[in-house]
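# mind looking at a prediction? Sequence and model below.
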Amino acid sequence: KAQLIKELSDDEEQLELLLESKRVAAVIRLQDELHPPQNSEDCPICLETIKHVNSTTIIRFFCCGGWICKQCSNERNAKRKAGGFDEMFH
């Protein structure tokens, strides 16, 4: 019986987390609709819109002044470490 109560409690917690994440996403969407970000850009690699472009959301190339989003940068670095050839960056 105690195991069943624990499982139900865990399931309820997971449901609450899911509902809260959906609520937060809706609030963020509404905030963006009411007050669109002033400094958003599209990543030239993945074409995702980067809201609030700053040093924590993009990586800048000092050689040319270009930039890419953090996720593309992380993928690029992972390919380099694995020894893979990435045509987009070479």
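That came in fine, so what should we check first? Residues are numbered from 1 along each chain as shown.

# and stretch 43-54, how far apart are its ends?
13 Å (CA to CA, to the nearest Å).

# quick one: the strands in the protein?
Under the criterion DSSP state E, the chain contains strands at 41-42, 49-50, 58-60, 67-69.

# direction included, what does the first one pair against?
Counting by DSSP bridges, the strands paired with strand 41-42 are strand 49-50 (antiparallel).

# before we move on, back to that, turn the strands of the chain into TSV, including mean pLDDT.
Putting these into TSV (pLDDT from 0 to 100) gives the following:
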stretch	mean pLDDT
strand 41-42	84
strand 49-50	84
strand 58-60	85
strand 67-69	88
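
# buried deepest among those, which one?
Counting by mean count of other CB atoms under 10 Å, strand 67-69 has the highest mean neighbour count of these, with a mean of 20. Placement of C-beta: from N, CA and C, glycine included.

# got a pLDDT number for the spatially most central residue of the chain?
Centroid-nearest residue in the chain, with CA atoms, centre = their mean: Gln71, separated by 7.1 Å. Looking at Gln71, its pLDDT is 90.

# ok, the residue lying closest to it once chain neighbours are set aside to Lys70 distance?
Nearest residue to Gln71, sequence neighbours excluded (CB to CB, 6 or more residues apart in numbering): Cys46, at 7.0 Å. Distance, Cys46 to Lys70, by CB to CB, to the nearest Å: 11 Å.

# phi, psi for the residue nearest to Gln71 please.
Main-chain torsions, Cys46, degrees, to the nearest 10: phi -90, psi -10.

# cool, Gly65 as well?
Per degrees, to the nearest 10, the backbone of Gly65 is at phi 80, psi 0.

# check Ala82 too.
Backbone torsions of Ala82, given as degrees, to the nearest 10, read phi -80, psi -10.

# that one: how many residues sit nearby?
Residues near Ala82, counting by other CB atoms under 10 Å, number 7.

# pLDDT of the top helix by length along the chain, averaged?
Ranked by residue count, the top helix of the chain under DSSP state H comes out as helix 2-34. Across helix 2-34, the average pLDDT comes to 88.

# for Cys63, see how far away the residue of the chain positioned farthest from its centre is.
When distances to the mean C-alpha position of the chain are computed (CA atoms, centre = their mean), the maximum falls on Lys1, with 40.9 Å. Between Lys1 and Cys63 the distance is 66 Å, computed by CB to CB.
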